[in-house]
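Trainee: take a look and give me a structure for this.
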Amino acid sequence: MKVVGLTGGIGSGKSTLRKWFASQGIPCFDSDAVGKELLNTSLKDQLIVKLGAAFYKEDGTLDRGQLAQLVFNNQNALEKLNAIVHPAVSYAFEQFKLKNKGAPFVIKEAAILFESGAFKSCDAIILVCAPKEQRIQRVMERDHSTKEAIQARMKHQWSDVKKVELSDYVIQNEYLEAAIEQAKQILSMLKSEF
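Mentor: You can find the predicted model right below:
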C-alpha cells in the first residue's frame, strides 16, 4: 500500500484539506488527533511519569494548552513528549493501514512529518502552504492563542522553503476554493500513479 504524506505548518489548512480528501473516499489518518487521543488514554500514565500530573485537568483530560506552553518553550520536555507519542502513533498508523489494505493508497496527515523523519516512509508528499501572517491569524481565531504562543510553536517546524524541496506536490492555500482545485488535480494524479 502506498502512503501519501500530507503536511504543512500550523494554520496552513492541512486538516481542512485532509477532510476534503476523506470526503473523496480516500482513507485518511490524522496523526495529531490520534496522538491527542492516546495522551488521554493509553499514554496518560507514561506522560505523568515523564512530565508530571499537572497537565491533566480535574476531569482527567489533558490540558493541551498547558502542555503546549511547556514543550514549545523547553526542548528537553518536547523530546520526552515525542519519545512517548511518536512510537504509539506509528503503531496506530500501521493498524490503520491494515484496516484499509484494500485501498490503493492512504493519506497520513502529520504536522511534523518532516521534523519527525516520518516523511522517509511516504511514497509521495503533499505540502500545504500559506503566508505566515495568514497562518497566525487562522490559529489565533481557531485556538484563541496569542501571537507569541503560535510563533513559539512555529519555531519548532521547518520553513516552507525547506519542506518544498522534499515535497512532490505543493498546495497554496490562501483561498480555500483555489486550494481545493489544486487538491483535485493532485488526487487525479495520485489515482493514475497508484
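Trainee: looking at this protein, which helix is longest?
Mentor: Longest helix in the chain, counting residues (DSSP state H): helix 75-99.
Trainee: paired strands for the helix or strand just after that one, with orientation please.
Mentor: Toward the C-terminal end, the helix or strand that comes next after helix 75-99 (DSSP states H and E) is strand 105-109. Take DSSP bridges as the rule and strand 105-109 pairs in its sheet with strand 2-8 (parallel), strand 28-30 (parallel).
Trainee: with mean pLDDT and mean neighbour count added, can I get the ones you listed in CSV?
Mentor: (Each C-beta comes from the backbone N, C-alpha and C, glycine too.) Formatted as CSV, these follow (pLDDT from 0 to 100; neighbours: other CB atoms under 10 Å):
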stretch, mean pLDDT, mean neighbour count
strand 2-8, 98, 24
strand 28-30, 98, 22
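Trainee: report the contact partners of the residue nearest to residue 92 when sequence neighbours are not counted.
Mentor: Distance criterion CB to CB, 6 or more residues apart in numbering; nearest residue to residue 92, sequence neighbours excluded, is residue 34 at 5.0 Å. Contact analysis of residue 34 by CB atoms under 8 Å, 6 or more residues apart in numbering lists 89, 92, 93.
Trainee: measure the residue nearest to the last one when sequence neighbours are not counted to residue 109 for me?
Mentor: Put plainly, it is residue 93. Leaving aside its chain neighbours, residue 93 sits nearest to residue 29 (5.6 Å; criterion: CB to CB, 6+ apart). Going from residue 29 to residue 109 by CB to CB, to the nearest Å gives 7 Å.
Trainee: having no further points to raise, I will conclude here.
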